[in-house]
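Asks: Fold the following and give me the result.
(one chain, ligands or ions: 1)
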Amino acid sequence: MAAMPCVILISGRGSNLQAIVREVVAGRLPLEIRAVISNRPEAAGLELARRAGLITRVLDHTRFTDRETYDAALLTLIDSYQPQLVILAGFMRILTAQFVQHYRGHLLNIHPSLLPDFPGLDTHHSALAAGVTEHGASVHFVTEQVDGGPVILQARVPVLPQDNAETLAARVLSEEHRIYPQALRWFAEKRLHLERRGGHDCALLDGKVLASC
Ligand code: GRF
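Replies: Predicted coordinates for the structure are as follows:
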C-alpha cells in the first residue's frame with residue numbers, strides 16, 4: 001500500500017513523534033511524514049525530527065496577534081505539504097473551528113486520559129486528586145469540541161497507591177507510544193473514518209462504530 005502523506009504538529013518533547021517515526025522507519029506504519037511543524041522554536045522534538053532526516057518548520061505563535069491569524073497561517077503551511085492526515089503529537093494549542101473544520105476527518109490527537117474523563121491540562125494530577133483506580137490515554141478524532149471528538153482507541157493503566165503525577169504520567173506515556181501508532185496504522189490503511197450519524201460524530205473502523213456516539 002502506498003504510504004499516506006501526513007504532517008505532524010508538536011510543541012515540546014516529541015516522544016510520541018519519536019514512537020511514530022520508529023514505526024514508520026521499521027516499515028510497520030505506511031505514512032510519509034512530509035513535515036514536522038512546531039509552534040515553539042525550542043521544542044526538543046524538532047531536534048529528534050531533524051536527526052531522523054525529516055523536514056522541520058517552526059511557526060512561532062508569539063509572533064501572531066490572535067488565534068485566527070495564527071491558525072490561518074498554520075493551515076496554509078500545512079496545506080503546502082498536501083497531507084491526507086494531520087497528526088497532533090503534543091501540540092499544546094487550542095485550534096479554531098475554521099482550522100478543525102478544514103481538516104475534518106483527517107485530524108487526530110492523543111490525550112493523556114480516558115476521555116471523556118479529564119479533558120484539558122494536568123490530567124495526571126486531576127486523576128490522582130479524583131482518586132480513580134484506572135487512568136490512561138485516548139486517541140481521538142479532533143472536532144470543534146476540545147478533547148471531545150470521538151474516541152478511536154484507549155489504553156488503560158492502573159493507578160497505584162504510591163503513584164505521583166510523574167510515575168503515573170510515565171506509565172500512561174508508554175501506552176501512548178503503543179496506541180497512537182496503532183490508530184494511525186488504521187487511518188493510513190483507510191480503515192478509519194469520521195462520520196456524522198444521527199446528529200453525532202462517530203469514529204468507524206472497517207465500517208463499524210467504535211464507541212457509543
Ligand atoms: C502527551 O502526553 C500527549 O498525550 C499530550 O501531550 C504529551 C506530549 O508528549 N497531548 P510528547 O511531546 O509526545 O513527548
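
Asks: switch to C-alpha atoms for all contacts and neighbour counts from now on
Replies: Will do.

Asks: Give the full set of residues in contact with the most centrally placed residue in the chain.
Replies: Centroid-nearest residue in the chain: Asn109, 2.3 Å away (criterion: C-alpha atoms, centre = their mean). If a contact means C-alpha atoms under 8 Å, 6 or more residues apart in numbering, then Asn109 has Ile87, Leu88, Ala89, Val139, His140, Phe141, Val142 as its contacts.

Asks: Please list which of those are also close to the ligand.
Replies: The subset of those within reach of the ligand, by C-alpha under 6 Å from any ligand atom, is Ala89.

Asks: now the longest helix along the chain, how far from the centre of its chain.
Replies: In the chain, taking DSSP state H as the definition, the longest helix is helix 165-188. Between the centre of helix 165-188 and the centre of its chain there are 10 Å (C-alpha atoms, centre = their mean, to the nearest Å).

Asks: pLDDT on whichever helix or strand comes after that helix, on average?
Replies: Later in the chain than helix 165-188, the nearest helix or strand by DSSP states H and E is strand 192-197. Within the predicted structure, the mean pLDDT of strand 192-197 is 96.

Asks: wait, isn't Ile152 in contact with Ser138?
Replies: Yes: A contact is recorded between Ile152 and Ser138 when judged using C-alpha atoms under 8 Å, the distance being 7.3 Å.

Asks: hang on, the earlier thing: show me what the longest helix of the chain is packed up against.
Replies: helix 15-25, helix 123-130, strand 134-141, strand 151-158 (3 or more C-alpha pairs under 8 Å, 6 or more residues apart in numbering; DSSP states H and E).
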